[in-house]
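Q: the amino acid sequence is not available; the structure is as follows:
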């Protein structure tokens, strides 16, 4: 039996929905073990499975909403999906709206960098961040008419913005 662990642009909606279902099963089991309440929502966005865990009324989910925790939980969930489907997973996990909150923070960061560029700076370097956050920054920069590039290796990889 062979498996394709590389992401493709032709992942079908059905395959992405399957990823979401597998992820939901994994996360439900994890939440049960940790005795944490939460409601799961599944979606397909931008050619990725998107799984969201929302509060079901109690405050227990708050312990998972830290960005580093969300990132680690996303990595574990991707591995569980890959193990079950035999396909590389690029699913996105959100806990209590933490991804939306982080996007707003990154938008503010890009806006401050854009102000430095407007004030005459030739480029503006942003702090090191995860690959997901760099992708969000690249998207925001493009929306604002800026050019963005990533530099560095590993944990020191960061984004530099320039005027178009």
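A: Structure's in. What do you need? Remember, predicted model here, so these are calculated numbers, not experimental data.

Q: going forward, measure contacts between C-alpha atoms and count neighbours the same way
A: OK.

Q: low-confidence ranges in the chain?
A: Judged by pLDDT under 70, the chain has its weakly predicted residues at 1-10.

Q: quick one: the helices in it?
A: All helices of the chain, identified by DSSP state H, fall at 13-34, 67-85, 98-118, 131-143.

Q: what about the last one, distance to the chain center?
A: Averaged C-alpha coordinates place helix 131-143 at 11 Å from its chain's average position (C-alpha atoms, centre = their mean, to the nearest Å).

Q: by contact count, what packs against that helix?
A: helix 98-118, strand 146-151, strand 158-163 (3 or more C-alpha pairs under 8 Å, 6 or more residues apart in numbering; DSSP states H and E).

Q: returning to what we had before: okay if I get the helices of the chain as TSV plus distance to residue 155 and mean neighbour count?
A: TSV is the format used below for those (distance: least, C-alpha to C-alpha, whole Å; neighbours: other C-alpha atoms under 10 Å):
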stretch	distance to residue 155	mean neighbour count
helix 13-34	26	17
helix 67-85	13	18
helix 98-118	18	16
helix 131-143	10	17
